[in-house]
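Novice: need coordinates for the following:
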Amino acid sequence: MSVWPSLLQFALALALLLAAARFFTSAAQRIGLAFGMSPFVVGVFIIAIGTSLPELVASLLSVQSGASEIVPGNVLGANAANLLLNMGLVSALASGGRIVLGEEYLFIDLHFLMGAMLAVATTMADGRIVAVEGALLLLAYALYMTYLVVEGRTPSAEAEHADAMSPVPRRASSLARDAGILIVGGVLIYVGGDMTVNALQQLSTALGISAAVASVTILSIGTSLPELVVSVSAARAGQASMAVGNVLGSCVFNALAVAGAAGLASGTAGVVVTDTLRFFALPFVCASALLFYLLTQDKRISRWEGMLFLILFLLFMAKIGGLA
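Specialist: Reported below is the predicted structural model:
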């Protein structure tokens, strides 16, 4: 089977999924602001979750199609891409050389990042995420969101989110249009996600690799593009602290909500975690989270640390892809 047709099909399906998620999230953001939700709450709930919709939809549909091994690959690969690739690019290239972490909610995210990785590693350790474990992961994510709103909603955090969002007029015509975009976007997310999962399976067959490895490498990088765009845009606008918050929030969402929802949806069969993921990808991503946590204890991420993140990501991709 030729690789290029499968690769083109995957790229088109992923582009549809990402575009639909972007329109869906933008419409949801405007509706939330129009109904009086604070910029902080909109940023924490709508934007943070919206940028991770591709991972969530792809994971749920992979369970539905009987290819649940895609889920842990997508979760681990996306978190590696967020922590190493996205943060490496933001700190090394987009932020002007150094990111200063001054907001308390970022350190809430840091602590929950470690807790989320511990939780998801525990569920994956035996090679399967079952429904009970999925429910507990979702409960942990609900706890995280509640804690973030209660402890992280400071005046400076509110102001930073407000600066990043433009005011939304409360016109009935605008709300109706955004509601229509929300519905159409939701339908296209499902269609794009289904096409992406099917195309990924065909592409992995054409490349001669497992669907799990393809999800760690190809799918995870693709579905992490929204977080990369949001983070780089925030860093270039002088809001590097928010960029880090977006990345950490996405990592926690992947580990708890994506893995949890897929585990719960899998029923008695459970989500399969292959040996390659259990014995290499999982320890590597957990170690990367720990490294990120330790390097940010001085409340700064330097350009040199960003370059280290990028090298580690390239090493991970080469190793998991069988190139090294």
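Novice: tell me if Pro301 really is in a strand.
Specialist: Actually, residue 301 is Ile. It isn't Pro. Yes - secondary structure of Ile301, determined by DSSP: H, G, I helix; E, B strand; the rest coil: located in a strand.
Novice: tally of neighbours for it?
Specialist: Neighbours of Ile301 under the rule other C-beta atoms under 10 Å: 24. The C-beta positions use only the backbone N, C-alpha and C, and glycine is treated the same way.
Novice: same question for Val271.
Specialist: With other C-beta under 10 Å as criterion, Val271 counts 29.
Novice: residue contacts, it?
Specialist: Residues counted as contacts of Val271 (C-beta atoms under 8 Å, 6 or more residues apart in numbering) are 63, 68-69, 71-72, 128-130, 134, 259, 262-263.
Novice: which SS class is Trp72?
Specialist: Heads up, residue 72 is Pro, not Trp. On the three-state scheme (three-state DSSP), Pro72 is labelled helix.
Novice: isn't it up against Ala212?
Specialist: Yes - taking C-beta atoms under 8 Å as the contact criterion, Pro72 and Ala212 are neighbours in contact, 7.2 Å apart.
Novice: anything in contact with each of the two?
Specialist: 274, 277.
Novice: which parts of the stretch 101-250 of the chain are helices?
Specialist: Listed in chain order, the helices found in the stretch 101-250 of the chain under DSSP state H, counting those that start in this stretch are 104-124, 131-152, 155-164, 172-207, 211-214, 220-223, 225-236, 240-252.
Novice: just put those in CSV and tack on distance to Met317.
Specialist: Written out in CSV, the entries for these read as follows (distance: least, C-beta to C-beta, whole Å):
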stretch, distance to Met317
helix 104-124, 19
helix 131-152, 26
helix 155-164, 31
helix 172-207, 14
helix 211-214, 11
helix 220-223, 8
helix 225-236, 15
helix 240-252, 17
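Novice: circling back to that earlier point, compare Pro72 and Ala212 and say which is more crowded by neighbours.
Specialist: Neighbours per residue (other C-beta under 10 Å) separate Pro72 from Ala212, with Pro72 holding more: 31 against 27.
Novice: not counting sequence-adjacent ones, nearest residue to that one?
Specialist: Counting by C-beta to C-beta, 6 or more residues apart in numbering, the nearest residue to Pro72 once its immediate chain neighbours are dropped is Val273, at 4.6 Å.
Novice: same thing with Leu207?
Specialist: Leaving out its chain neighbours, Leu207 is closest to Val3 (C-beta to C-beta, 6+ apart), at 6.1 Å.
Novice: likewise for Phe45?
Specialist: Here the residue nearest Phe45, using C-beta to C-beta, 6+ apart, is Met145, at 7.1 Å.
Novice: could you tell me how many residues sit around the one you found?
Specialist: 19.
Novice: and the one 4 residues further on, by the same measure?
Specialist: By other C-beta under 10 Å, the residues close to Val149 number 15.
Novice: hang on, it packs against Ser38?
Specialist: No - under the contact definition of C-beta under 8 Å, Val149 does not touch Ser38, with a separation of 9.7 Å.
Novice: distance check, Ala131 against Gly270.
Specialist: 7 Å (C-beta to C-beta, to the nearest Å).
Novice: how would you label Asp66: helix, strand or coil?
Specialist: Check again: residue 66 is Gly, not Asp. At Gly66 the chain is in coil, as set by three-state DSSP.
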